[in-house]
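Peer 1: With the sequence up front, the predicted model follows.
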Amino acid sequence: MSADTSNISDHLLPVTAEEQDLLDLYAQVKLFEKEAALAKAEAAKAKLVAANEEFQREKDQHAFSESTAITNDIPKPSSSKKKKRSKRKREEISNEMDDEHMRSSEEESSQDEDELTDTDDEDKRTFRRNEAKIAQLREENDLAVQRQEKGQASAKAEEELRKQLLEGNQDTVDVAGLGPSLKKKRFDDESGAQRKETSLISKMNYVSTPPHDFSKSLSMSKITGKQLFPETNVAVTPEEKIWSPPDDATGPEDGCLELKLTDFNGAKAAVGQGNNTVAIKFTAPSESKRFSINIAEPNHENYYSVLFHFNPRQFERGGQVVINDKKAGMWGQGINLPTSQMPLIFGEVSCTLVVQINGDGFDVFMNGQHCARLEHRTPLPDKPKSLILQLPSTDDYSNRENWSVHKIWWGHKASMASKDLANVAGVNSHNAVHEKKLFVSGLPRIYLQPEVDLRRAELERAFRKYGGQEGAIVICPPNSTFAFVEVETERAADLALREMGNKYRLNRARRSRHEALLEQRAATEAEASGIEKETTKWD
């Protein structure tokens, strides 16, 4: 048991920000439930006080009406109507009236006693009704207190179970081979009857993917691939499970993350077989300016040549993602995709980047959306070999890149691209290699116009024999360290690359989309007019 517990605790991760938010929400819900119970108890108490006050008012009003009725019923003495009678007659009449008055007084007294008896009976009945009502309210109040105590006990038990799960005392299950995840069931009795959930938080059915893990829908398991970062067979600290560029990095390779994409075969990848997919789970904070990844061959010569380059830039030209390649230190014609046309990258809890290598190129998927394709500009190796995945620490100007990587997976996955690729950037792009133009790099930086003229003259003399009768055409941009030289034919360009390579750093220049469209238009017009277009191919 202790061995299982230690194994589980090794795979436990610290409480994430999403789980902490869920705990805070749970505490807030329980606080609301407690306040609701207290408010209900206060309402019951106020109801009792109001009923008691109403009973006292009715009793006082009844006593006041009774005293008023008794005062109004007191008889008044009667006077003699015959004043001119004899004294005897007056005495007789007076005696008779006194006797009659005494009899009437006795009858009224007995009647008043009967009325008082009836009033007392009514008061007793009213008092008994009020007592029954008060007893009923007290019972309701006791029931409310009992329900509140039961809810508090249930919440306490649920909190203890959650703490046990977070500490790793419950069973764990490995989902798709990508690490342990918690699975809990709570029961009330030994019969196995599942407990009925009463709290608000227990009724939440929404389950989100943790920021450090891949979605189950991607089906990235140990069977079809392997997890490259963090390593599963090596004990690492929680800090080592997340990679971020070092704060003191002075260059792209200073503290960068380099991983081998093993057992890659270009011929198999072209037909959808073998290892062809790399997936990266990462977080880019809202204040991040940029980050990048590179995929290169083993002989990249300090990343002088890169097969695939992915570089989101949040604050450049309103936000864009640059996808490109590099040959012999020269960047190609990049695919610049606005971030507004992609899922959110910066400021999200986590994102998933998937790059699939197939026969057409590198397909880029961000959070499941097919965003772009970089068509192959360098032939893939047809024999099994390892590619290199690099996560640079800085850009080419030593500016630190800001992002955090949670997990990297490499293996085989069926093609995620759909048949309709009309809206995917980079599909069916033009051939960017210029046949007659050369790119000269590594020159000293120039600023003034006389320096530009001097460099142009120098390169025109150096490449004059490759430019035919009119000589080479040289373009020297100001404030730059490079230049363009256009020669007469493709054969002359090949000769210049071989003969002048020891003096200048030369590469084939790449043409823009506009130049390709102009050449295509010129070829179409020449074919329509029957003019044979000059060829630059070898005879």
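Peer 2: Done, it's in.
Peer 1: Neighbouring strands - and their directions - for the helix or strand containing Asn336?
Peer 2: In the assignment (DSSP states H and E), Asn336 maps to strand 335-338. Strands that pair with strand 335-338, judged by DSSP bridges, come out as strand 320-327 (antiparallel).
Peer 1: pull the CA atoms of the partner strand into PDB?
Peer 2: Taking Å, rounded to 0.1, in the frame of the first residue of the first chain, the C-alpha atoms of strand 320-327 are listed here in PDB:
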ATOM      1  CA  GLN A 320       1.100  37.900 -37.200                       C
ATOM      2  CA  VAL A 321       2.500  34.400 -37.400                       C
ATOM      3  CA  VAL A 322       5.600  33.900 -39.600                       C
ATOM      4  CA  ILE A 323       6.200  30.400 -41.000                       C
ATOM      5  CA  ASN A 324       9.400  30.000 -43.000                       C
ATOM      6  CA  ASP A 325      12.500  28.000 -43.700                       C
ATOM      7  CA  LYS A 326      16.200  28.800 -43.900                       C
ATOM      8  CA  LYS A 327      18.900  27.600 -46.300                       C
END
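Peer 1: Could you check how far the spatially most central residue of the chain is from Pro245?
Peer 2: By Cα atoms, centre = their mean, the mean C-alpha position of the chain lies nearest to Val349, the distance being 4.4 Å. According to Cβ to Cβ, to the nearest Å, Val349 and Pro245 sit 20 Å apart. Where you see a C-beta, it was placed from the backbone N, CA and C, and this is true even at glycine.
Peer 1: where do the strands sit along the stretch 1-150 of the chain?
Peer 2: Applying DSSP state E, counting those that start in this stretch to the stretch 1-150 of the chain gives no strands.
Peer 1: and the following helix or strand past the strand holding Asn336, average pLDDT?
Peer 2: Using DSSP H and E, the helix or strand that follows strand 335-338 towards the C-terminus is strand 351-357. When pLDDT is averaged over strand 351-357, the result is 95.
Peer 1: which helices and strands sit right next to strand 351-357?
Peer 2: strand 277-283, strand 306-313, strand 361-366 (3 or more Cβ pairs under 8 Å, 6 or more residues apart in numbering; DSSP states H and E).
Peer 1: the strands in the stretch 151-300 of the chain, which residues?
Peer 2: Using DSSP E, counting those that start in this stretch, strands in the stretch 151-300 of the chain cover 172-174, 180-182, 225-229, 257-264, 277-283, 293-296.
Peer 1: Isn't Gly266 up against Pro381?
Peer 2: Yes - if you go by Cβ atoms under 8 Å, Gly266 and Pro381 touch, sitting 5.0 Å apart.
Peer 1: what do those two both touch?
Peer 2: Listed contacts common to Gly266 and Pro381 are nil; contacts here mean Cβ atoms under 8 Å, 6 or more residues apart in numbering.
Peer 1: circling back to that earlier point, for the residue nearest to the centre of the chain, list the residues it contacts.
Peer 2: Val349 touches Ala17, Glu18, Pro211, Thr283, counting by Cβ under 8 Å, 6+ apart.
Peer 1: again, 7 Å this time
Peer 2: Going by Cβ atoms under 7 Å, 6 or more residues apart in numbering, Val349 touches Glu18, Pro211, Thr283.
Peer 1: ok, now how distant is the first one from Pro379?
Peer 2: Pointing back at Glu18 there. Glu18 is 44 Å from Pro379, by Cβ to Cβ.
Peer 1: Now that Asn358 has come up, it's in contact with Ala414, right?
Peer 2: No - using Cβ atoms under 7 Å, Asn358 is not in contact with Ala414, being 10.6 Å away.
Peer 1: list the residues that contact both of those two?
Peer 2: Joint contacts of Asn358 and Ala414 (Cβ under 7 Å, 6+ apart) are Gly272.
Peer 1: Okay, helices next: where are they in the stretch 1-150 of the chain?
Peer 2: 2-11, 17-72, 87-166 (DSSP state H, counting those that start in this stretch).
Peer 1: ok, of these, where does mean pLDDT dip lowest?
Peer 2: helix 2-11 (a mean of 49).
Peer 1: Tell me what the closest residue to Ile280 other than its chain neighbours is bridged to.
Peer 2: Closest residue to Ile280 apart from its sequence neighbours, by Cβ to Cβ, 6 or more residues apart in numbering: Leu353 at 4.6 Å. Under the criterion DSSP bridges, Leu353 forms beta bridges with Ile280, Met366.
Peer 1: Give me the number of neighbouring residues for Leu353.
Peer 2: Neighbours of Leu353 under the rule other Cβ atoms under 10 Å: 20.
Peer 1: how much space is there between it and Cys371?
Peer 2: Counting by Cβ to Cβ - Leu353 and Cys371 are separated by 10 Å.
Peer 1: Likewise for Gln449?
Peer 2: 43 Å.
Peer 1: cool, Phe229 as well?
Peer 2: For Phe229, the distance to Cys371 - Cβ to Cβ - is 23 Å.
Peer 1: just Ala249 next, same as before
Peer 2: 28 Å.
Peer 1: Could you do Pro230 as well?
Peer 2: Counting by Cβ to Cβ - Pro230 and Cys371 are separated by 27 Å.
Peer 1: Skip the chain neighbours and tell me the closest residue to Leu137.
Peer 2: In space, Leu137 is closest to Leu48, 5.0 Å off (Cβ to Cβ, 6+ apart).
Peer 1: How many residues are close by the one you found?
Peer 2: Quick note: Leu48 (other Cβ under 10 Å) scores 15 neighbours.
Peer 1: higher neighbour count, Ala249 and Cys371?
Peer 2: The neighbour comparison of Ala249 against Cys371 (other Cβ under 10 Å) goes to Cys371, with 22 against 18.
Peer 1: Thought Val364 was touching the more buried one, still the case?
Peer 2: Yes - using Cβ under 7 Å as the test, Cys371 is close enough to Val364 to be in contact (5.1 Å).
Peer 1: ok now stretch 488-505, how far from the chain's centre?
Peer 2: 53 Å (Cα atoms, centre = their mean, to the nearest Å).
Peer 1: swap in stretch 40-55?
Peer 2: Worked out by Cα atoms, centre = their mean, stretch 40-55 lies 49 Å from the chain centre.
Peer 1: Just the residues contacting that stretch, thanks.
Peer 2: Residues contacting stretch 40-55 (Cβ under 7 Å, 6+ apart): Asn130, Lys133, Ile134, Leu137, Glu140, Asn141, Ala144, Val145.
Peer 1: Between these, which sits nearest Phe484?
Peer 2: Nearest to Phe484 out of these is Ala144 (Cβ to Cβ; 86.1 Å).
Peer 1: Model confidence score at Leu182, please.
Peer 2: Reported pLDDT for Leu182: 45.
Peer 1: Among Glu18 and Pro379, which residue is more densely surrounded?
Peer 2: Glu18 (13 against 7).
Peer 1: Pull up the gap between that one and Ile293, please.
Peer 2: 25 Å.
Peer 1: Give the buried residues for stretch 441-459.
Peer 2: Leu443, Ile446, Val452, Arg455, Arg456, Leu459 (16 or more other Cβ atoms under 10 Å).
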